[in-house]
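J.: sequence isn't available, so here's the structure alone:
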């Protein structure tokens, strides 16, 4: 039988064990705390790195999107420039061809017209059929001559007589010249002119030709008892509009354009023709003698003035034409 030592003899060993255990546990806890602190620091550092990487990736994605957008815009501008170059080449060829054809055809037409007038005076006036045929010849020759004149106007790049003009007065003069046409077709004309538009540097006769052509197109496209609206106003380079006097724009920029806007309430232009309205010989009025040269000549004149012209269908029906003229700055620039 093993004799156990007295309790008093075991107490020092028990106390020593507990003390050693407490020290070991404290050491382990300190090591765990240090390890946890280090892990937290590592996690924070890694988190910051990931945040920086995420920010960098977002910036890179944004930059790539911006570059893609810039590339798309550059490609669109390249296509536009290419189309303009093709159109310019085509217009140059058509202009040269038109000029040559016009001069070659004009003299024979004059001879035919003189011959028809001569025969009309010499033949028996009692034969109505013969007189009718001669009248048809005269009308056909006059129509052909009008086409030739249009071709010559289209191909001729004569020097502009530029001078400061009051745009509102010029529009008013054109409306007065066409008053008979408005009355004939029962067209209601509404004027909405902005005050304070500064003088515009234009060739008065050429711009009258432009406005009369556009107004006549609107009349012919408008049904009986139709409505025609003519506006003038100012527009900044960023597209802001003004119906009042010339002043600083909202962003501090001067008004860059004087705008003439002509609206009708007709049937509009077919979508397949809308993109080609400025092409030579494209017309919706072939049945009433249209040659398809009017808007081509109009665009030619506007571009000679370094202006812009837009033709669009309105949602509520009809067509809206906007002609924009650059305004001269006080320092002489544009």
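T.: Thanks, I have it. Since this is a predicted model, take the numbers as computed values, not measurements. Residues are numbered from 1 along each chain as shown.
J.: which residues touch the strand or helix carrying residue 259?
T.: Per DSSP states H and E, residue 259 falls inside strand 255-264. Residues outside strand 255-264 that contact it (CB atoms under 8 Å, 6 or more residues apart in numbering) are 167, 171, 197-198, 200, 211, 214-215, 218-219, 221-222, 226-237, 242, 246-247, 249, 308, 314, 318-327. Using the backbone N, CA and C atoms, a C-beta is placed for each residue, glycine as well.
J.: that one: how far from the chain's middle?
T.: Strand 255-264 has its C-alpha centroid displaced from the chain centroid by 13 Å (CA atoms, centre = their mean, to the nearest Å).
J.: likewise stretch 168-187?
T.: On CA atoms, centre = their mean, the centre of stretch 168-187 falls 28 Å from that of its chain.
J.: now that stretch: buried residues?
T.: Residues of stretch 168-187 classed as buried: 168, 170, 171, 174, 175, 178, 182, 187 (neighbour count, 16 or more other CB atoms under 10 Å).
J.: mark which of these are part of helices, please.
T.: 168, 170, 171, 174, 175, 182 (DSSP state H).
J.: among these, which one sits closest to residue 33?
T.: The nearest member of these to residue 33, counting by CB to CB, is residue 168 at 86.6 Å.
J.: name the nearest residue to that closest one, ignoring sequence neighbours.
T.: residue 193 (4.7 Å; CB to CB, 6 or more residues apart in numbering).
J.: okay, now that neighbour: neighbour count?
T.: 16 (other CB atoms under 10 Å).
J.: so what's it up against?
T.: Residue 193 neighbours (CB under 8 Å, 6+ apart): 168, 171, 230, 231, 232.
J.: let me see the backbone angles for it.
T.: phi -100, psi 130 (degrees, to the nearest 10).
J.: could you do residue 307 as well?
T.: Dihedral angles (degrees, to the nearest 10) for residue 307: phi -100, psi -170.
J.: just give me the neighbour total for it.
T.: 21.
J.: nearest spatial neighbour of it, skipping sequence neighbours?
T.: residue 325 is the one closest to residue 307 (CB to CB, 6+ apart), at 4.8 Å.
J.: great, nothing more from me.
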